[in-house]
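Participant: 3D model of this:
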Amino acid sequence: METKDCAPMNVAELEPRAEEAAQLLTAMANPKRLLILCNLLDQERSVSELSRIVDLDQSPLSQHLSKLRALGLVKTRREGQAIFYRLASEPVSRVLATLYDIYCRSAVS
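Facilitator: From the prediction side, this is the model:
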């Protein structure tokens, strides 16, 4: 398999962080969690806003958000009774941007 614009991969460099990478990919393997993360790419959002955008009731959404928080992929901020979520790290943003480039931009061209 040929990869364009990629440096050769040194697998030994990935080894110490393979578990962390696998957790990120496992979280993204669920379509609803992937959509939640994608909707947090550019801005933080409230639970009610996420519920409407990803078309999930509060209970299943809370379960997904709890898993994402436990994995360290999202952070929260409370404002009154509202809870806002945002992405927790640059690597998460970069993986999401790469997925967008592969699956969304190539579909347009």
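Participant: spatially central residue for this protein, please.
Facilitator: residue 37 (3.5 Å; CA atoms, centre = their mean).
Participant: show me what counts as buried in whichever helix or strand that residue is part of.
Facilitator: In this structure, residue 37 sits in helix 31-39 according to DSSP states H and E. For helix 31-39, burial by neighbour count (16 or more other CB atoms under 10 Å) applies to 33, 35-39. For the C-beta atoms, the positions are set from N, CA and C on the backbone; glycine is no exception.
Participant: so what secondary structure elements neighbour the lengthiest helix in the chain?
Facilitator: The helix that spans the most residues within the chain, counting by DSSP state H, is helix 58-70. For helix 58-70, the elements it packs on are helix 31-39, helix 47-54, strand 74-79, judged by 3 or more CB pairs under 8 Å, 6 or more residues apart in numbering; DSSP states H and E.
Participant: off-centre distance for the first one?
Facilitator: This points to helix 31-39. 6 Å (CA atoms, centre = their mean, to the nearest Å).
Participant: again with the last one
Facilitator: Centroid displacement of strand 74-79 relative to its chain, using CA atoms, centre = their mean, is 15 Å.
Participant: repeat for stretch 36-43
Facilitator: Mean C-alpha position of stretch 36-43 versus that of the full chain (CA atoms, centre = their mean) differs by 7 Å.
Participant: start to end distance for that stretch?
Facilitator: End-to-end distance of stretch 36-43 (CA to CA, to the nearest Å): 12 Å.
Participant: and for stretch 40-52?
Facilitator: End-to-end span of stretch 40-52 (CA to CA): 14 Å.
Participant: and that stretch, how far out from the chain's middle?
Facilitator: So, by CA atoms, centre = their mean, the centroid of stretch 40-52 is 12 Å from its chain's centroid.
Participant: what does stretch 79-91 give?
Facilitator: 12 Å.
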